[in-house]
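Engineer: My questions are about this predicted structure, shown below with the sequence.
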Amino acid sequence: MVTTRRGAETWAEAAPSTRASAASTRPRSSPYVPTPLEQIGLAIFPATLIFGTIFSVLSPQTRSAPYDHVTQSHAQDPTMAPSYFARKSNLFNVLFVKQGWGWMSLAFILFVLLHPSLSTQVRRLQACVRWVLVTACWFFVTQWFFGPPIIDRGFRWTGGRCELAEMEVEMGDTSVGEKVTAVACKAAGGKWKGGHDISGHVFLLVLSTAFLMEEVGWAVLRWANWREDERTVVMADGATKSANVEAGVAAGAGRAQSWFGLSGKITGVVVGLNLWMLLMTAIYFHTWFEKLTGLLTATVGFYVVYIVPRFIPAVRGVVGMPGI
Ligand SMILES: CCCCCCCCCCCCCCCC(=O)SCCNC(=O)CCNC(=O)[C@H](O)C(C)(C)COP(=O)(O)O
Ligand SMILES: Nc1ncnc2c1ncn2[C@@H]1O[C@H](COP(=O)(O)O)[C@@H](OP(=O)(O)O)[C@H]1O
């Protein structure tokens with residue numbers, strides 16, 4: 001907790017002049033990189049992946065369970081799988097992650113509609129624009145990108161193929177090999193093998209968690225004025241200023257009320273489940289490199305939606321910034 005000269009006051013209770021002088025002496029964060037607070041939040045993702053990967057190597061139960069490199073999973077038989085969470089059929093995977101974008105979107109919509117910090121139509125609209133952008137990113141990477149999604153295109157560019165499709169190509173149907181996706185291949189009973197398979201689970205779980213952390217985190221921090229907003233932005237004249245100069249509502253407007261509200265708490269549950277399932281993917285599925293590329297792909301989406309607007313004023317004018 002940050003205290004003032006008198007020692008007993010919290011940062012939020014301090015006089016505005018005290019906070020202003022502290023802010024002016026504090027080094028400014030760069031608009032080109034996440035703030036120190038965001039860096040702490042984002043570090044959770046690589047830390048979870050590293051911990052899970054190390055755990056999978058050290059755990060005798062996990063190491064001794066048979067692993068299939070084509071399906072990127074351990075034996076699925078309940079008597080042989082190292083854990084309930086090592087099975088693709090586990091309920092958290094089937095009902096939660098496989099519908100993960102839907103759950104994240106539901107939590108977000110509830111937050112936009114119910115949380116008092118998003119009191120104006122402009123704030124709600126800009127939050128929805130950011131959702132459309134991250135949803136387009138998810139859609140292009142995992143569902144469709146003018147044909148097969150980016151994950152499937154990457155798989156084929158790196159030499160992967162559907163074994164069944166290859167057979168058909170040999171029989172003269174050359175169009176099949178070009179059009180096939182992981183879903184189509186598996187549905188046709190083929191084996192999707194040989195390429196680099198970016199982890200869709202890592203991508204989805206990281207991007208949707210980072211999205212909720214940005215949207216709910218900054219909105220609640222400013223609403224409660226629990227901590228000084230550290231974000232900086234590049235203005236149209238090239239000057240770098242605190243993001244507060246563009247804020248429509250004073251920080252701390254909701255200090256006397258419930259900070260998170262029901263919708264913020266629901267978001268917390270989705271974030272908690274996401275992180276748990278990210279850990280399970282880290283322990284039981286994929287190679288470390290496929291998890292890393294899942295993380296990097298999500299990081300690109302995060303950077304475009306949340307950091308780029310800070311240094312391109314025209315983009316910021318359209319998408320806004322959470323909590324501002
Ligand atoms: C030409 C311009 C086109 C612009 C297109 C813009 C984007 C439009 C998006 C339209 C759809 C939005 C709908 C959003 C509502 C939903 O949430 S959809 C319902 C829920 N579905 C999911 O959440 C599916 C999530 N699952 C996955 O993404 C994948 O299953 C996976 C987890 C990433 C991995 O799958 P595997 O099979 O395990 O590999
Ligand atoms: N945490 C998890 N729990 C259960 N299954 C998981 C999982 N993480 C990944 N998987 C499974 O591992 C495979 C590869 O996942 P992805 O590429 O999305 O990261 C998928 O198999 P299926 O496609 O056969 O369902 C997926 O369901």
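Structural biologist: Right, received. Where do you want to start? Ligands and ions are numbered 1, 2, ... in the order given.
Engineer: Residue numbers of the stretch 51-200 of the chain in contact with ligand 1?
Structural biologist: 97-102, 105, 135-136, 139, 142, 200 (Cβ under 6 Å from any ligand atom). Where C-beta positions appear, they are placed from N, C-alpha and C, glycine not excepted.
Engineer: Below-threshold pLDDT in the protein: ranges please.
Structural biologist: The chain contains residues with pLDDT under 70 at 1-27, 165-179, 229, 252-256, 259.
Engineer: So which of the residues of the stretch 51-200 of the chain next to ligand 1 reach ligand 2?
Structural biologist: Within those, those near ligand 2 by Cβ under 6 Å from any ligand atom are residue 200.
Engineer: And the residues of the stretch 51-200 of the chain next to ligand 1, which of them are buried?
Structural biologist: 97, 100-101, 105, 135, 142, 200 (16 or more other Cβ atoms under 10 Å).
Engineer: could you dump these to a markdown table with secondary structure?
Structural biologist: A markdown table is the format used below for these (DSSP: H, G, I helix; E, B strand; the rest coil):
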| residue | secondary structure |
| --- | --- |
| 97 | helix |
| 100 | helix |
| 101 | helix |
| 105 | helix |
| 135 | helix |
| 142 | helix |
| 200 | helix |
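Engineer: Closest one to residue 71 out of these, please.
Structural biologist: The shortest approach to residue 71 among those belongs to residue 200, at 13.7 Å (Cβ to Cβ).
Engineer: my guess is that closest one meets residue 142, correct?
Structural biologist: Yes: Residue 200 is in contact with residue 142 according to Cβ atoms under 8 Å; the separation is 5.1 Å.
Engineer: Overlap in contacts, these two.
Structural biologist: residue 151 (Cβ atoms under 8 Å, 6 or more residues apart in numbering).
Engineer: between the buried ones among the residues of the stretch 51-200 of the chain next to ligand 1, which is nearest ligand 2?
Structural biologist: For those, the residue nearest ligand 2 by Cβ to the nearest ligand atom is residue 200; the value is 3.1 Å.
Engineer: The closest one: what's it in contact with?
Structural biologist: Contacts of residue 200 by Cβ under 8 Å, 6+ apart are 141-142, 151, 294.
Engineer: How about the residues of the stretch 201-324 of the chain by ligand 2?
Structural biologist: Contact residues, the stretch 201-324 of the chain versus ligand 2 (Cβ under 6 Å from any ligand atom): 201, 277, 280-281, 285-286.
Engineer: so which of the residues you listed are also by ligand 1?
Structural biologist: Restricting those to those adjacent to ligand 1 (criterion: Cβ under 6 Å from any ligand atom) gives residue 201.
Engineer: In the residues of the stretch 201-324 of the chain next to ligand 2, find the pair that's most separated.
Structural biologist: Using Cβ to Cβ, these reach their maximum pairwise distance at 277 and 286, which is 13.1 Å.
Engineer: Could you tell me which residues touch both of these two?
Structural biologist: residue 201.
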